[in-house]
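K.L.:
With the input below, show me the fold.
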Amino acid sequence: IVDMPTQWHLAVDVDQWMFGVNPTVWLQSHIKAPEPPWWEVVTSVIYMSYFIVPYAAAAVLWLRDRSAWRRYAACFVATTFLALVGYTLVPAAPPWAAARCTAEQVADHPREPTCMAYEGAVADGGILGEVTPSNPDAQPYVERISARGWNFLNIHAASTLVEVGQGKANLVAAIPSLHAGLTMLLALFMWPRVKALGRTLFMGYAVAMAFTLVYTAEHYVFDIILGWALA
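P.N.:
Numbers count the residues shown, from 1 in each chain. Below is the predicted model:
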């Protein structure tokens, strides 16, 4: 059994080096509200679309162009397999987990320490530090808010379903981001096959997914760059 040490600081340090601040902390400091605003419906839909759009694209290609479908399927499987290799060799904690744990709690590079189960964050914001929200009523730490938009629509069952699914997934499968990788793969694959509007929509989708992942504390920018590079 492969039992590689979980990386808790790698992506944090790389993001800090690239931007001088942690992008998730910065975004949640500036635009997070105590309750989900209307536009978080968009981020929640974008996050969930990852489980639909790449497969819907495959279905359309199957119906319209079997040769293109075979190439897309091969790229899809290869990208997913290589990401699995990454998760196995370099397990890494996402931003929401780093906000729940202190450096001391993860000094031994644990895979799923008990601190990951906290509903909030430790007093000082954990490894990521405190958020200084522009809205004084917002929580002063990084939160996992990818499912929060469904609550704005009062579709609490959808939010609960997402959270249950997230809890059953590999919680340290962050490097690379497969959400970012597969959406960029779709954009790159469709680029020569669609016109200007289609290119804009597919590439815009990949960029919107990247923003969503960073803002909602699902991934670091470092994870996303590696996912794009894999694509």
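K.L.:
next one: phi and psi at residue 195?
P.N.:
Main-chain dihedrals, residue 195, degrees, to the nearest 10: phi -90, psi -170.
K.L.:
Count the neighbours of it for me.
P.N.:
Under the neighbour criterion other CB atoms under 10 Å, residue 195 is assigned a count of 7. (Each C-beta comes from the backbone N, C-alpha and C, glycine too.)
K.L.:
Repeat that for residue 30.
P.N.:
13.
K.L.:
Going forward, count from 53.
P.N.:
Yep, numbering from 53; the last one is residue 82 now.
K.L.:
Could you check which helix or strand contains it?
P.N.:
Element membership for residue 82 (DSSP states H and E) is helix 75-83.
K.L.:
What residues sit buried inside that helix?
P.N.:
Across helix 75-83, burial judged by 16 or more other CB atoms under 10 Å covers 75, 76, 77, 78, 79, 80, 81.
K.L.:
Which two of those have the greatest separation?
P.N.:
Within the buried residues of helix 75-83, 75 and 81 form the most distant pair, 10.4 Å apart (CB to CB).
K.L.:
Quick check: which helices or strands does the biggest helix by length in the chain pack against?
P.N.:
If you go by DSSP state H, the chain has its longest helix at helix 118-141. Where contact means 3 or more CB pairs under 8 Å, 6 or more residues apart in numbering; DSSP states H and E, helix 118-141 is packed against helix 105-116, helix 230-242, helix 273-282.
K.L.:
Could you list the alpha-carbon positions for that helix in PDB?
P.N.:
Presented in PDB, the C-alpha positions along helix 118-141 are these (Å, rounded to 0.1, in the frame of the first residue of the first chain):
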ATOM      1  CA  ARG A 118     -17.400   8.700 -33.400                       C
ATOM      2  CA  SER A 119     -13.800   9.400 -34.400                       C
ATOM      3  CA  ALA A 120     -13.700  12.500 -32.300                       C
ATOM      4  CA  TRP A 121     -15.400  10.700 -29.500                       C
ATOM      5  CA  ARG A 122     -12.700   8.000 -29.400                       C
ATOM      6  CA  ARG A 123     -10.000  10.700 -29.200                       C
ATOM      7  CA  TYR A 124     -11.900  12.600 -26.500                       C
ATOM      8  CA  ALA A 125     -12.500   9.400 -24.500                       C
ATOM      9  CA  ALA A 126      -8.800   8.500 -24.700                       C
ATOM     10  CA  CYS A 127      -7.800  11.900 -23.500                       C
ATOM     11  CA  PHE A 128     -10.400  11.900 -20.700                       C
ATOM     12  CA  VAL A 129      -9.300   8.500 -19.400                       C
ATOM     13  CA  ALA A 130      -5.600   9.400 -19.700                       C
ATOM     14  CA  THR A 131      -6.100  12.700 -17.800                       C
ATOM     15  CA  THR A 132      -8.100  11.000 -15.100                       C
ATOM     16  CA  PHE A 133      -5.600   8.200 -14.700                       C
ATOM     17  CA  LEU A 134      -2.600  10.600 -14.500                       C
ATOM     18  CA  ALA A 135      -4.500  12.700 -11.900                       C
ATOM     19  CA  LEU A 136      -5.000   9.500  -9.900                       C
ATOM     20  CA  VAL A 137      -1.300   8.900 -10.000                       C
ATOM     21  CA  GLY A 138      -0.800  12.400  -8.700                       C
ATOM     22  CA  TYR A 139      -3.300  11.900  -5.900                       C
ATOM     23  CA  THR A 140      -1.500   8.600  -4.900                       C
ATOM     24  CA  LEU A 141       2.100  10.000  -5.000                       C
END
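K.L.:
Mind checking what helix or strand follows that helix in sequence?
P.N.:
For helix 118-141, the following helix or strand on the C-terminal side (DSSP H and E) is helix 147-150.
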